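1. I need the structure of the sequence given here:
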Amino acid sequence: MIIQGPTLDRAAEIRTETDVIDRLRADANTRVLVVRDGRVRVALPDAPPAGAAPSEEPAPTLVLAAPAEVGDATWALLGRDDAGAAVLLAATADDSATIDAAPEETWLGLRDIAGRLHAADVALLVEAVALAGWLRDAPFCPACGNATDVIQAGWSRRCRSCGREHFPRTDPAVIVAVESVDGERLLLGANANWGGRMYSCFAGFAEAGESLEQVVHREIEEEAGVRLTAIRYISSQSWPYPRSLMIGFRAVVEDESVARADGEEIIDVRWFTRAEIGSALEGRGPVGLPGSASIARALIRDWYEDRT
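-> All right, here's what the predicted structure looks like:
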């Protein structure tokens with residue numbers, strides 16, 4: 001499962017220090033992760049030997065630059081690495097940074113590479129993309145509409161007019177693997193946005209005043225027409241598109257026969273046998289499943305491997 005524990009020390013205790021970003025940019029040990037329109041630069045490995053198993057393929061790695069290599073950007077502190085060196089974020093939407101001279105094919109997004117990165121790189125990438133998106137998209141005060149100043153080393157904004165302080169927003173959403181009463185089949189849905197090419201777990205955002213369990217019941221009944229029992233939490237995943245926290249559950253259906261798509265967001269629902277899921281995980285059909293970077297695939301695999 002995708003269960004991301006602590007990897008990078010976020011160094012929250014130094015965010016309020018005076019001129020902390022300038023000081024760290026002047027430190028020769030500091031490294032910078034540049035995020036450009038949601039993409040980062042990666043070092044791609046050489047092609048694996050012919051016949052190599054997927055597990056033997058070398059993983060790409062994030063490219064961390066020296067501060068002097070980076071041009072105009074919005075800066076933030078991501079944390080400290082295992083050696084105690086600072087890791088900064090440089091969020092940029094243009095090609096003004098020297099590091100952007102790298103070949104275009106080495107700039108990739110979370111969906112492209114997260115399933116192939118080492119766990120520590122995934123955690124750093126998710127943090128950087130999420131924070132860069134907020135720094136880019138929230139320059140004005142939502143209370144009075146005036147401009148804000150970035151403070152706390154990139155982790156807060158203060159309105160120049162009304163003085164309110166604002167922080168990066170996180171939107172909780174549930175995602176649920178729904179299984180049959182005997183545990184031998186899995187109910188998946190085809191989202192209208194995918195054109196029926198892929199089936200996945202059911203998901204939805206929490207509304208005001210809802211508990212996570214209430215969201216699970218409401219979303220699954222709305223999208224698939226079934227009621228649930230035996231809901232249990234599995235794991236969570238930060239998903240910065242734009243600022244989601246995906247909270248994964250497994251649940252058992254009450255009545256398998258009433259499953260139906262809502263016809264709007266979900267255009268089809270289907271029960272899959274364990275053999276069909278195993279085949280789909282190997283890329284042999286009968287349908288496509290979510291990519292390896294997503295918690296949806298991890299939930300599906302968790303169910304598949306539970307009894308095999």
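
2. which of the residues in the helix ranked longest in the chain are buried?
-> If you go by DSSP state H, the chain has its longest helix at helix 119-137. For helix 119-137, the neighbour count (16 or more other C-beta atoms under 10 Å) marks 121-136 as buried. C-beta here means a position set from N, CA and C on the backbone, and glycine is covered the same way.

3. Let's see the following helix or strand past it as PDB, backbone CA atoms only.
-> Sequence-wise, the next helix or strand beyond helix 119-137 is strand 148-151, with elements assigned using DSSP states H and E. C-alpha atoms of strand 148-151 as PDB (Å, rounded to 0.1, in the frame of the first residue of the first chain):
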ATOM      1  CA  THR A 148      -0.700  39.000   0.100                       C
ATOM      2  CA  ASP A 149       3.000  38.600   1.100                       C
ATOM      3  CA  VAL A 150       4.600  35.200   1.400                       C
ATOM      4  CA  ILE A 151       5.900  34.600   4.900                       C
END
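
4. which residue ranges form the helices in this structure?
-> Assignment of helices within the chain using DSSP H yields the ranges 20-25, 110-113, 119-137, 212-224, 274-281, 295-305.

5. Residue 259 touches residue 271, doesn't it?
-> Yes - under the criterion of C-beta atoms under 8 Å, residue 259 makes contact with residue 271 at 7.1 Å.

6. tell me, what's touching these two both at once?
-> Common neighbours of residue 259 and residue 271 are listed as residue 187 (criterion: C-beta atoms under 8 Å, 6 or more residues apart in numbering).

7. for residue 10, what are its contacts?
-> Shown in contact with residue 10 (C-beta under 8 Å, 6+ apart): 78-79, 127.

8. and the longest helix of the chain, what's its mean pLDDT?
-> On average, the pLDDT along helix 119-137 is 93.

9. Equivalent analysis for stretch 251-264, please.
-> Here the average pLDDT along stretch 251-264 is 95.

10. What would it look like as PDB? C-alpha coordinates only.
-> Taking C-alpha atoms only, stretch 251-264 is exported to PDB below (Å, rounded to 0.1, in the frame of the first residue of the first chain):
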ATOM      1  CA  ALA A 251     -16.000  -1.700   2.400                       C
ATOM      2  CA  VAL A 252     -18.400  -4.600   1.900                       C
ATOM      3  CA  VAL A 253     -21.600  -4.200  -0.100                       C
ATOM      4  CA  GLU A 254     -25.000  -5.000   1.400                       C
ATOM      5  CA  ASP A 255     -26.800  -6.000  -1.800                       C
ATOM      6  CA  GLU A 256     -24.700  -6.800  -4.900                       C
ATOM      7  CA  SER A 257     -27.700  -6.900  -7.300                       C
ATOM      8  CA  VAL A 258     -28.600  -3.200  -7.000                       C
ATOM      9  CA  ALA A 259     -25.300  -1.900  -8.300                       C
ATOM     10  CA  ARG A 260     -25.800   0.700 -11.100                       C
ATOM     11  CA  ALA A 261     -24.000   3.700 -12.500                       C
ATOM     12  CA  ASP A 262     -25.300   7.200 -11.800                       C
ATOM     13  CA  GLY A 263     -25.100   7.900 -15.600                       C
ATOM     14  CA  GLU A 264     -23.500  11.200 -15.100                       C
END
